[in-house]
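1. I'd like to go over a predicted model; first the sequence, then the structure.
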Amino acid sequence: MLQTIKSVDGRPEYVLLPMAVYKALHESIEREVMKLESQSKDDYVAFDPAEYIENPIALARLQSHVRQIELAELLGVSQAYISKVENQEIVSPKLLARVRSVLERRSRAKY
């Protein structure tokens, strides 16, 4: 027999159940967890931001693990400007070259 405990507003919130039912459910859950853990990592597809991000500046920034505010500081502009540029469909080659240059310098300086 199951017993439901309701919250102050009357919605079911908890269930009391016999230990035998709990143990049966617990064992079943543990088996499912073990199955998931034993699955090969080959089942997972690596996330490639290039498949989802069209703006080359946003992509370069993310691939460099740089936040917008950090890129803004490197370029001497505001974070709002970086956000605006990353939301544009077309980016000038000159700006893209400048961004890539500062990201490369940052990367070299970091290591």
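-> Sure, I can see it. Values in this document were obtained by computation on a predicted structure and should not be read as measured data.
2. could you use CA atoms for every contact and neighbour count after this?
-> Fine.
3. mind listing the strands for the chain?
-> Along the chain, counting by DSSP state E, strands occupy 3-6, 12-16.
4. same list (these) but as TSV, adding mean pLDDT, mean neighbour count and distance to residue 31.
-> Conversion of the strands of the chain to TSV gives the following (pLDDT from 0 to 100; neighbours: other C-alpha atoms under 10 Å; distance: least, C-alpha to C-alpha, whole Å):
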stretch	mean pLDDT	mean neighbour count	distance to residue 31
strand 3-6	90	12	26
strand 12-16	89	11	22
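5. remind me which residues of the protein are low pLDDT?
-> Within the chain, the segments meeting pLDDT under 70 span 40-43, 111.
6. that one: helices as residue ranges?
-> In the chain, the segments counted as helices under DSSP state H are 19-38, 56-63, 68-75, 79-86, 93-110.
7. among the ones you listed, which comes closest to residue 50?
-> Nearest of those to residue 50, taken as C-alpha to C-alpha: helix 56-63 at 6.6 Å.
8. off-centre distance for the closest one?
-> 15 Å (C-alpha atoms, centre = their mean, to the nearest Å).
9. what are the buried residues along it?
-> Using 16 or more other C-alpha atoms under 10 Å as the test for burial, helix 56-63 gives 56-61.
10. tell me the two of the residues you listed that are most distant?
-> Using C-alpha to C-alpha, the buried residues of helix 56-63 span at most 8.5 Å, a distance reached by 56 and 61.
11. return the closest of the buried residues of helix 56-63 with respect to residue 37.
-> Comparing the buried residues of helix 56-63 against residue 37 with C-alpha to C-alpha places residue 59 closest, at 32.0 Å.
12. sorry, back to before: among the helices of the chain, which is the most enclosed?
-> With neighbours defined as mean count of other C-alpha atoms under 10 Å, the helices of the chain peak in mean count at helix 56-63, which reaches a mean of 18.
13. what's that helix packed up against?
-> helix 79-86, helix 93-110 (3 or more C-alpha pairs under 8 Å, 6 or more residues apart in numbering; DSSP states H and E).
14. still on that earlier bit, would you turn the strands of the chain into a markdown table with distance to residue 70?
-> Formatted as a markdown table, the strands of the chain follow (distance: least, C-alpha to C-alpha, whole Å):
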| stretch | distance to residue 70 |
| --- | --- |
| strand 3-6 | 49 |
| strand 12-16 | 45 |
